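S.K.: starting from these lines, generate the structure:
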Amino acid sequence: MTHAIIHQPDPALDLVFERVVDIPKELVSAAWTTPEHVKKWFTPAPWKTVISLEASGSGQTSGS
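M.R.: Coordinates of the predicted model:
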C-alpha cells in the first residue's frame, strides 16, 4: 500500500530517499525500537551507538 507524502521537501535543502519494502510492520517497529536492531543500521562499525528507549515511546540515540 502506498501513501502520499505529506511533507513537501525543499529541493534546495532536502535530499529524499524513499524505498518501499514488503516486510511485516512488526519488523519495521522492531527495527526502530529494539536497541540491537537500531545499532546495526544507525551507526555502522567502527562507530558506537548509545540507545535509551522508554516504554512510553520516547528515547535518545547517539552515535560516536
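S.K.: can you tell me how far Ser52 is from Lys25?
M.R.: 24 Å (C-beta to C-beta, to the nearest Å). C-betas here are computed from N, CA, C, even on glycine.
S.K.: what of Pro35?
M.R.: 19 Å.
S.K.: neighbour-wise, which of the two wins?
M.R.: Taking other C-beta atoms under 10 Å, Pro35 and Lys25 do not tie; Pro35 has more neighbours (15 against 7).
S.K.: what's the local residue count around Val38?
M.R.: 19.
S.K.: wait, it touches Val50, no?
M.R.: No - contact status for Val38 versus Val50: not in contact, 10.4 Å apart, counting by C-beta atoms under 8 Å.
S.K.: in stretch 18-28, what's buried?
M.R.: By neighbour count on 16 or more other C-beta atoms under 10 Å, the buried set for stretch 18-28 is empty.
S.K.: my bad, stretch 28-37
M.R.: Here stretch 28-37 shows His37 as buried, counting by 16+ other C-beta under 10 Å.
S.K.: stretch 41-61 too?
M.R.: 42-43, 49, 51.
S.K.: biggest separation within these, which pair?
M.R.: Thr43 and Ile51 (9.9 Å; C-beta to C-beta).
S.K.: so Ala30, which of the three states?
M.R.: Of the three states, Ala30 takes helix according to DSSP: H, G, I helix; E, B strand; the rest coil.
S.K.: so it is in contact with His37, correct?
M.R.: Yes - using C-beta under 8 Å, Ala30 is in contact with His37, at 5.7 Å.
S.K.: middle-most residue in this protein, spatially?
M.R.: Taking C-alpha atoms, centre = their mean, the centroid of the chain lies closest to Trp32, which sits 5.4 Å from it.
S.K.: grab the nearest non-local neighbour of that one.
M.R.: Setting aside the residues directly before and after it, Trp32 is nearest to Val38 in space (C-beta to C-beta, 6 or more residues apart in numbering), at 7.0 Å.
S.K.: chain center to the helix or strand hosting the one you found, what's the gap?
M.R.: Assessed by DSSP states H and E, Val38 sits inside helix 35-42. Taking C-alpha atoms, centre = their mean, to the nearest Å, the mean C-alpha location of helix 35-42 is offset from the chain mean by 9 Å.
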